[in-house]
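>>> missing the sequence, but the structure's below:
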């Protein structure tokens, strides 16, 4: 069985990947089986479940991380979109919503709500089986009118096999009783992309969001977003749905479409936001690039108004970490990346205790300030993650981290339309006083693409305005590099002084998009209140190095360049090592000023793979280069 798994893995990923471990020993990342610790909750699920582990990590400390396989789906497309994972602070219960299938039972058109009240010691399920051809579910917990029994609410699009024909809304108590469904059909020639980020509030209301498109001969017409609004009916034990609220928004034909979109609400439902990435008109472009466009409601979703377009290049935190325009270094022009480049179809966000919206955004600096340079960035600038949030007067931001790897280019880890991307998520504490950003990333010594991802997170206390460090939870453990298609709960459970964030990832013995996948619960993604501090949020790269580019060209023969951005003045040096750990090059550049610097190297060494260390004060950054 071990040989079969290894053969299948190599056949998908390719035999050309030779990775340098942190001890500089080259090694192929092999996979083996590990016995399951999971006790299934019904006879169908009493089977041996594989957990893929890198054998070179078996001697590493597992820290507080553990992985619990708990369910399966017929294929990876269940992860295509939707809010899959949530938690309830009162009961401590965690729920993962997904399509069924695979060895844990049910079929791919069944919607399964898998729940645990005790962090994976036991599991139970609610399954919705009809009608057939349900896809891409999203779900949440709710209590009617803020009290009573805990229930589940699920939404999903329904296909006829040749097109999307309706949306399904389902609810039940967590024991499966009082199950009810509502199916809303759509006219022929109308296609609704159902975002399925269903949100239920303490006031007995439920909201969901979709984009509607009319199919006419030779053209597809987008006519904006539709907000589905459900009101709890205590007699029928279900939500009654009014006509969807039509949130119109017009785009220039040359601008990006509405997708991806998102919405979030304050816990009591008083304040809500709907957002998307785009440009509403040629006259309202202070950023001269696409940016988050946000609608806000302060009356429970009855009336919506658009927040003014904002010059995000004026935010000092973004200016500190993002490269400025090439021709005028006083201008910062952030370019926002969303959708299938970073987090599959999602633009994650939450609402904090003050009613402010937080978005997890990814930014690079635009190198031109011309109107015709809408999306051009510095080719070698690393992508930055920010917690971008509204204030009483506009917007502000907290730097979260710099992505160490890029998105898979489609040749190694893509599962067709389901991408192995960074899967960025946001969560909040139940009271909204702490906001978390969660994502996956691959260490550059393994790959320059995110195909061996670890789980990372950062916390932001909005009361004290303090942050934690950017923290890698799986690096150095037996589960390093295995967190494919992570999803994180929108609610972080607080236990004493600790915030615990439920996270799941998938694996498959076959690593193909149409074969079954196993869902695994990750325990140990957590922060203690003592980890928040005024200077913590600069990340584990230290307080001096803002970013370091991949050397370019790479591979190279002769000269190669590395771009470094410093937050403050510091002595900078570079060291280059071969894979035997021997230093082959060293140079000190003396004390450099804050800002951007270009280092040019001329290595007179043998062809091969080398690691380079950039040092600035106490900060250190490591990457690899190839001399050919």
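Cool, the structure landed. Everything numeric in this text was worked out from a predicted model, so none of it was measured.

>>> all helices for the chain, in order.
Ranges of helices in the chain, per DSSP state H, are 2-13, 316-321.

>>> which stretches of the stretch 201-350 of the chain have low pLDDT?
In the predicted model of the stretch 201-350 of the chain, residues 212-223, 248-260, 280-285, 287, 338-346 satisfy pLDDT under 70.

>>> Could you measure from residue 466 over to residue 390?
Separation of residue 466 from residue 390 (Cβ to Cβ, to the nearest Å): 19 Å. C-beta here means a position set from N, CA and C on the backbone, and glycine is covered the same way.

>>> Which of those two has more residues huddled nearby?
When residue 466 and residue 390 are compared for neighbours, residue 390 comes out ahead with 22 against 18, by other Cβ atoms under 10 Å.

>>> pretty sure that one is touching residue 308, no?
No: judged on Cβ atoms under 8 Å, residue 390 makes no contact with residue 308 at a distance of 11.2 Å.

>>> give me every residue that touches residue 434.
428, 459-462, 492, 499 (Cβ atoms under 8 Å, 6 or more residues apart in numbering).

>>> If it is in a bridge, with which residues?
Following DSSP bridges, residue 434 is listed with bridge partners residue 461.

>>> Next: the one 4 residues further on.
Residues found in beta-bridge contact with residue 438 (criterion: DSSP bridges) are residue 425, residue 457.

>>> how close does it sit to residue 486?
Distance, residue 438 to residue 486, by Cβ to Cβ: 7 Å.

>>> low-confidence ranges in the stretch 451-600 of the chain?
Ranges of the stretch 451-600 of the chain meeting pLDDT under 70: 508-514, 535-543.

>>> redo that, cut-off 50
In the predicted model, the stretch 451-600 of the chain carries pLDDT under 50 at residues 536-542.

>>> Strands of that one, start to end?
Taking DSSP state E, counting those that start in this stretch as the criterion, the stretch 451-600 of the chain contains strands spanning 454-461, 466-467, 471-472, 484-488, 491-495, 498-500, 503-507, 517-523, 526-528, 545-548, 559-566, 570-578, 583-592, 595-602.

>>> Which one of the ones you listed lies nearest to residue 337?
Counting by Cβ to Cβ, residue 337 lies closest to strand 545-548 out of the strands of the stretch 451-600 of the chain; the figure is 15.3 Å.

>>> Pairing partners for the closest one, with directions?
Strand 545-548 is paired, per DSSP bridges, with strand 559-566 (antiparallel).

>>> how big is the angle separating the partner strand from strand 570-578?
140 degrees (axes from the mean of the first three to the mean of the last three Cα atoms, to 10 degrees).

>>> what comes into contact with strand 559-566?
With contacts defined as Cβ under 8 Å, 6+ apart, strand 559-566 is touched by 321, 323, 378, 380-381, 544-549, 551-554, 572, 574, 592-603, 612, 614, 616, 625.

>>> I only care about those that end up buried; give me the PyMOL line for that.
Entered in PyMOL, the line below selects the buried ones among these, by 16 or more other Cβ atoms under 10 Å:
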select buried, resi 321+323+378+380+381+544+545+546+547+548+549+551+554+572+574+592+596+599+601+603+612+614+616+625
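
>>> Tell me which residue is most central in the protein.
Centroid-nearest residue in the chain: residue 424, 1.5 Å away (criterion: Cα atoms, centre = their mean).

>>> Which residue, neighbours along the chain excluded, lies closest to residue 172?
residue 179 (3.9 Å; Cβ to Cβ, 6 or more residues apart in numbering).

>>> Could you count how many residues lie near that neighbour?
When neighbours are defined as other Cβ under 10 Å, residue 179 has 17 of them.

>>> go on, residue 461?
For residue 461, the neighbour count with other Cβ under 10 Å is 19.

>>> how near is it to residue 491?
Taking Cβ to Cβ, one finds residue 461 at 16 Å from residue 491.

>>> what does residue 450 give?
Residue 450 is 26 Å from residue 491, where distance means Cβ to Cβ.

>>> For these two, indicate the residue with more neighbours.
Legend: neighbour count by other Cβ under 10 Å for residue 450 and residue 491, higher for residue 450 (27 against 24).

>>> pretty sure the more buried one is touching residue 444, no?
No: if you go by Cβ under 8 Å, residue 450 and residue 444 don't touch, sitting 10.6 Å apart.

>>> so what sits against both of the two?
With Cβ under 8 Å, 6+ apart, residue 450 and residue 444 have common neighbours residue 405.

>>> So, low pLDDT: which residues of the stretch 1-150 of the chain?
For the stretch 1-150 of the chain, the stretches with pLDDT under 50 are 1-62.

>>> Strands of that one, start to end?
Going by DSSP E, counting those that start in this stretch, the stretch 1-150 of the chain shows strands at 19-20, 26-27, 66-73, 85-88, 93-99, 111-116, 124-128, 138-143, 150-159.

>>> Could you list every helix and strand in contact with the last one?
This means strand 150-159. Under the contact definition 3 or more Cβ pairs under 8 Å, 6 or more residues apart in numbering; DSSP states H and E, strand 150-159 sits against strand 93-99, strand 111-116, strand 138-143, strand 164-173, strand 190-194.

>>> can I get the ones you listed in a markdown table with mean neighbour count and distance to residue 290?
Formatted as a markdown table, these follow (neighbours: other Cβ atoms under 10 Å; distance: least, Cβ to Cβ, whole Å):
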| stretch | mean neighbour count | distance to residue 290 |
| --- | --- | --- |
| strand 93-99 | 25 | 30 |
| strand 111-116 | 25 | 34 |
| strand 138-143 | 24 | 25 |
| strand 164-173 | 21 | 26 |
| strand 190-194 | 19 | 19 |
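
>>> To residue 317, which of those strands lies closest?
strand 138-143 (31.5 Å).

>>> Can you tell me the strand partners of the closest one and which way each runs?
Paired strands of strand 138-143, with direction, are strand 150-159 (antiparallel) (DSSP bridges).

>>> got the angle for the strand it pairs with vs strand 124-128?
Computed by the same axes, to 10 degrees, the angle between strand 150-159 and strand 124-128 is 40 degrees.
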